[in-house]
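Enquirer: what follows is a predicted structure for the sequence shown.
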Amino acid sequence: MIVAIDGPAGSGKSTVAKLAAHALKFQYLDTGAMYRAVAYRALKDGIDLEGGEDLIAIAKNEPIEFGAFGPNSVSIGGMEVTDAIRTREVDVAVSPVSACPEVRDALVEQQRVIGKSTDIVMEGRDIGTVVFPNADLKIFLTASPQVRAHRRFEQNVLRGIGSTDEKEILAALIARDAYDSSRETAPLVQAEDAVEIDTSRLSIDEVVDKIVDLAQAVHARLKHQ
Ligand code: DC
């Protein structure tokens, strides 16, 4: 069973997707971390972020692994990048990288392989529209830009990485939303059959409960088919 969770930055996707996966005993995949890992590798080697052979080669040839260096670790080409992909530089670099069609093709292929082998909660921007248009359950999370910026701010303070200037975070978030929603390949749009949840005034637990209830209902229906 595939639960697709899409939505803009700071809508609470990662937090609730992780918890929902745990409650459902499903695997969890953060596809944003994959785009971030490619962006980080490109930045590190001074590779053109706007596309080109070198960038595409990273996405095609350097395997991205989750958990190889500890439970929540992310690595690319055998190099651990768990914290390195959460910096301000990567926040900025990841938009052009994720707009490159060949990079998307390479990562989507990996995401489909992972999703076909197990029950999974997969979160990103295009899971319900492109990666798994036939996902059993599609959730689209939203929240006001101010709420989302505040969440990112708290997250950065807690982690000790990224910007701690809330105004700057809000401006960057609005710019990234505009870029992600207007790019030609797989823009951030809500799938027609997605359930929209506005998380602005909901607690994390309330959102997780909603998703788990919906997933369990779908699971029961699938079993009886
Ligand atoms: O969810 P996030 O902020 O970690 O995502 C990082 C970037 O990757 C974001 O700018 C959008 C992009 N992304 C994407 O284009 N498609 C996905 N499935 C996941 C993320």
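Expert: Happy to help now that I have it.
Enquirer: wait, residue 43 sits on residue 49?
Expert: Yes - Residue 43 lies in contact with residue 49 (Cβ atoms under 8 Å); the separation is 7.3 Å. Any C-beta I mention is one placed from the backbone N, CA and C, and that applies to glycine too.
Enquirer: overlap in contacts, those two.
Expert: residue 93 (Cβ atoms under 8 Å, 6 or more residues apart in numbering).
Enquirer: what parts of the protein come near the ligand?
Expert: 9, 31-32, 35-36, 94-95, 98, 124-126, 176, 180 (Cβ under 6 Å from any ligand atom).
Enquirer: hmm, 5 Å instead?
Expert: Taking Cβ under 5 Å from any ligand atom as the criterion, the chain approaches the ligand at residues 9, 31-32, 35, 94-95, 98, 124-126.
Enquirer: what about the helices in the protein?
Expert: Secondary structure of the chain (DSSP state H): helices at 13-24, 31-44, 53-61, 88-98, 101-116, 145-159, 166-182, 204-223.
Enquirer: and the ones you listed, which is most packed in?
Expert: For the helices of the chain, the largest average neighbour count (mean count of other Cβ atoms under 10 Å) is found in helix 31-44, namely a mean of 23.
Enquirer: and for that helix, what's in contact with it?
Expert: Here helix 31-44 makes contact (Cβ under 8 Å, 6+ apart) with 14, 47-49, 54-55, 58-59, 62, 64, 66, 74-77, 79, 81, 84-86, 89-90, 93-94, 97-98, 103, 107, 110-111, 122-125, 127, 131.
Enquirer: just the CA trace of the worst-scoring helix or strand of the chain on mean pLDDT, in PDB.
Expert: Lowest by mean pLDDT, DSSP states H and E among the helices and strands of the chain is helix 166-182, with a mean of 89. Provided in PDB are the C-alpha atoms of helix 166-182 (Å, rounded to 0.1, in the frame of the first residue of the first chain):
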ATOM      1  CA  GLU A 166      12.200  34.200  10.800                       C
ATOM      2  CA  LYS A 167      11.700  37.000   8.200                       C
ATOM      3  CA  GLU A 168      14.500  35.600   6.100                       C
ATOM      4  CA  ILE A 169      13.000  32.100   6.400                       C
ATOM      5  CA  LEU A 170       9.600  33.400   5.300                       C
ATOM      6  CA  ALA A 171      11.000  35.200   2.300                       C
ATOM      7  CA  ALA A 172      13.000  32.100   1.200                       C
ATOM      8  CA  LEU A 173      10.000  29.900   1.700                       C
ATOM      9  CA  ILE A 174       7.700  32.100  -0.400                       C
ATOM     10  CA  ALA A 175      10.400  32.200  -3.100                       C
ATOM     11  CA  ARG A 176      10.800  28.400  -3.000                       C
ATOM     12  CA  ASP A 177       7.000  27.800  -3.200                       C
ATOM     13  CA  ALA A 178       6.800  30.000  -6.300                       C
ATOM     14  CA  TYR A 179       9.700  28.200  -7.900                       C
ATOM     15  CA  ASP A 180       8.400  24.700  -7.000                       C
ATOM     16  CA  SER A 181       4.900  25.600  -8.200                       C
ATOM     17  CA  SER A 182       5.800  27.200 -11.500                       C
END
